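Engineer: pasting the sequence and the predicted model now:
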Amino acid sequence: MFREDAARLPSDIELARSRGLPLTFDDLRRLSPKVPESENGAYLFIFAMRELEKLPENLDRNLRLGRNSTIEDRMWAERAIADFQPTMRILEAAVKRPYFVFETDPPFQNNIQPKVPWRYNYELAFQKMLNFISAGCRSKFRQNDAFGELKDLSTLLSLAEHFPRYSTPNGSWTIITAEAVVMGQLTRIARRNASDTAILDRVAELLARVRLPDLYKLIQTEFVIGHETILRVTSLREIGVQIYAPDPIKKAIEDLYQSPGVKQAYEANFIRRYIRIFEKLPQDSEDWPAIHSAIAKMNDELDKDKSIDNVLNRALGRADAVGPLVIASYQAELRILQEAVAALRQHSTTGKYPMSLPIPGPTAIDPLWHFPLRYMVQTDGFTISSTGRDFGKYNPMGMKSGSVFRYTEGREPGRMSLTY
């Protein structure tokens, strides 16, 4: 069994390369061009990481305040935001450079590598900076400093645009989180400044810069990390494979993994599985229901195959079936916000809300089901919403009802506290 699979490995590798699949970290890194240091914002980002390290440990925890937090807690939060401002100035300079390429290898987070301190990890540093910038925006919102908030959101969005989206799956989802924060803040700014044409124009500009990731490239990254893991591990236990058997049998299975041809057999099965996944995916990389269905069916097949030669696939080869639905819901929210800002913009100049969605074409279509977004006009506002559906066990929270934007004149968007 293992011998036959191992014999197929060279042809499987060749097939993967012919389909355009990267196989190693080096394949992913080759996608990043060599650029002059003077044009590379990554060096300034690394410098910002060093400055961030000088702040007191866990200072960002002071930003996570609820509505009932004390005045002293809020003073600590404002102090944390103030202490971050020198780092913010560095980031503002970094995003003005045309490139953002890290010279050193990004510290890939996977099961065979110990967790590294955040100051040595670009993804974790980006997440901390996101926390500070987001809290700073909320502070400016309470001060009614819309243009200051828009400036900070522009820097945050530029960081997300520059940051390597496909270094690791976690890195891509961190960027999605950043873009979700931007959309949430812009929603509140638009509602509060619904009659200010200049602010609405700036909000529309920032919304146009939100770029959701290419899910297929993200799956390729998952594939590369799984493949590298198979090549590096020396024990099934290292990647979380639980062997429920008496100790002598467990040791025999562990020893088997190091036998000639066995690791190659696992590698061949893993490569073959991901080739099948990409063969099943639709050509339209935004046909979210079809993508979700294809991945979910492949995962069901994976779960049903309990054979020993499929043990690594069950541990490493599971593509994310929820991902397409999450990305589709963010895309729906983005389109709704773009339509809502355009409607507010038209009302600010004409005194009337449009009778139909102001931006025709794809922006007016629910990206998940390809139905038109629902639009209702009242005398004092409007509602725009997308379609939802229950996807059963693969359903992320919130998908049943879709996304909704409601605006009523004279109604404040709600007080923004320092909380998530």
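Structural biologist: Yep, that arrived. Numbers count the residues shown, from 1 in each chain.
Engineer: can I see the domain layout of this structure?
Structural biologist: Using automatic domain parsing, the domain parsing of the chain gives 2-22+217-321, 33-211, 349-420.
Engineer: same list (these) but as CSV, adding distance to Ser329.
Structural biologist: For glycine as for every other residue, the C-beta is placed from the backbone atoms N, C-alpha and C. Below are the domains of the chain laid out as CSV (distance: least, Cβ to Cβ, whole Å):
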stretch, distance to Ser329
domain 2-22+217-321, 9
domain 33-211, 10
domain 349-420, 6
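Engineer: can I get these in JSON lines with distance to Leu337 and mean pLDDT?
Structural biologist: JSON lines is the format used below for those (distance: least, Cβ to Cβ, whole Å; pLDDT from 0 to 100):
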{"stretch": "domain 2-22+217-321", "distance to Leu337": "18", "mean pLDDT": "80"}
{"stretch": "domain 33-211", "distance to Leu337": "6", "mean pLDDT": "82"}
{"stretch": "domain 349-420", "distance to Leu337": "7", "mean pLDDT": "77"}
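Engineer: to Leu334, which of those domains lies closest?
Structural biologist: Checking the domains of the chain against Leu334 by Cβ to Cβ gives domain 33-211 as the closest, at 5.6 Å.
Engineer: distance from that closest one to the middle of the chain?
Structural biologist: Computed by Cα atoms, centre = their mean, to the nearest Å, the chain-centroid distance of domain 33-211 equals 14 Å.
Engineer: ok, now stretch 299-312?
Structural biologist: Worked out by Cα atoms, centre = their mean, stretch 299-312 lies 28 Å from the chain centre.
Engineer: all the strands of the protein, residue numbers only.
Structural biologist: Listed from the start of the chain, the chain has strands (DSSP state E) covering 374-378, 381-385, 404-408.
Engineer: buried residues in stretch 82-99, which are they?
Structural biologist: 83-84, 87-88, 90-92, 94-95, 97, 99 (16 or more other Cβ atoms under 10 Å).
Engineer: contacts for that stretch, please.
Structural biologist: 33, 35, 38-42, 44-45, 47-48, 51-52, 55, 59, 100, 129, 132-133, 136, 152, 155, 158-159, 161-162 (Cβ atoms under 8 Å, 6 or more residues apart in numbering).
Engineer: redo that, cut-off 7 Å
Structural biologist: Stretch 82-99 is contacted from outside by 35, 39-41, 44-45, 47-48, 51-52, 55, 59, 129, 132, 155, 158-159, 162, using Cβ atoms under 7 Å, 6 or more residues apart in numbering.
Engineer: same check on stretch 207-217?
Structural biologist: Under the criterion Cβ under 7 Å, 6+ apart, residues 157, 161, 165-166, 172, 175-176, 179, 182-183, 186, 281, 285, 291, 323-324, 327, 330-331, 334, 337-338, 341 lie in contact with stretch 207-217.
Engineer: could you work out the end-to-end span of it for me?
Structural biologist: End-to-end distance for stretch 207-217: 23 Å, by Cα to Cα, to the nearest Å.
Engineer: name the nearest residue to Ala296, sequence neighbours excluded.
Structural biologist: Excluding the flanking residues, the one nearest Ala296 by Cβ to Cβ, 6 or more residues apart in numbering is Ala321, at 4.3 Å.
Engineer: inside helices: which ones of the contacts of stretch 207-217?
Structural biologist: 157, 161, 172, 175-176, 179, 182-183, 186, 291, 323-324, 327, 330-331, 334, 337-338, 341 (DSSP state H).
Engineer: of those, just the buried ones, PyMOL syntax please.
Structural biologist: If you want just the buried ones from these in PyMOL, going by 16+ other Cβ under 10 Å, the selection is:
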select buried, resi 157+161+172+175+176+179+182+183+186+291+323+324+327+330+331+334+337+338+341
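Engineer: distance of the residue nearest in space to the middle of the chain relative to Ala294?
Structural biologist: When Cα atoms, centre = their mean is applied to the chain, the residue found nearest the centroid is Trp173 (2.1 Å). Per Cβ to Cβ, to the nearest Å, Trp173 is found 20 Å from Ala294.
Engineer: ok, back up a step: show me which of the contacts of stretch 82-99 are buried.
Structural biologist: The neighbour count (16+ other Cβ under 10 Å) marks 35, 40-41, 44-45, 48, 52, 55, 59, 129, 132, 155, 158-159, 162 as buried among the contacts of stretch 82-99.
Engineer: and the furthest pair within those residues?
Structural biologist: So, these by Cβ to Cβ: farthest apart are Val35 and Leu59, at 32.6 Å.
Engineer: and Tyr257, how close does it get to Arg8?
Structural biologist: With the distance defined as Cβ to Cβ, Tyr257 ends up 18 Å from Arg8.
Engineer: who's more crowded, the two?
Structural biologist: Counting neighbours by other Cβ atoms under 10 Å for Tyr257 and for Arg8 shows that Tyr257 has the greater number, 19 against 16.
Engineer: that one touches Lys263, doesn't it?
Structural biologist: Yes. Assessed by Cβ atoms under 7 Å, Tyr257 is found in contact with Lys263 at 6.3 Å.
Engineer: partners of Val377 in the sheet?
Structural biologist: Phe382 (DSSP bridges).
Engineer: isn't Trp288 up against Trp369?
Structural biologist: No. Assessed by Cβ under 7 Å, Trp288 is found out of contact with Trp369, at 8.6 Å.
Engineer: which one's more surrounded, those two?
Structural biologist: It is Trp288, of Trp288 and Trp369, that has more neighbours when counted by other Cβ under 10 Å, with 24 against 16.
Engineer: excluding its backbone neighbours, what's nearest that one?
Structural biologist: Nearest one to Trp288, counting by Cβ to Cβ, 6+ apart, is Ala328 at 3.9 Å.
Engineer: what's the answer for Ser356, then?
Structural biologist: Excluding its sequence neighbours, the residue lying closest to Ser356 (Cβ to Cβ, 6+ apart) is Tyr375, at 6.5 Å.
Engineer: distance of the one you found from Ser195?
Structural biologist: From Tyr375 to Ser195 the distance is 20 Å (Cβ to Cβ).
Engineer: same deal with Ser386?
Structural biologist: 26 Å.
Engineer: got it, and Ala146?
Structural biologist: Here the criterion is Cβ to Cβ. By it, Ala146 lies 12 Å from Ser195.
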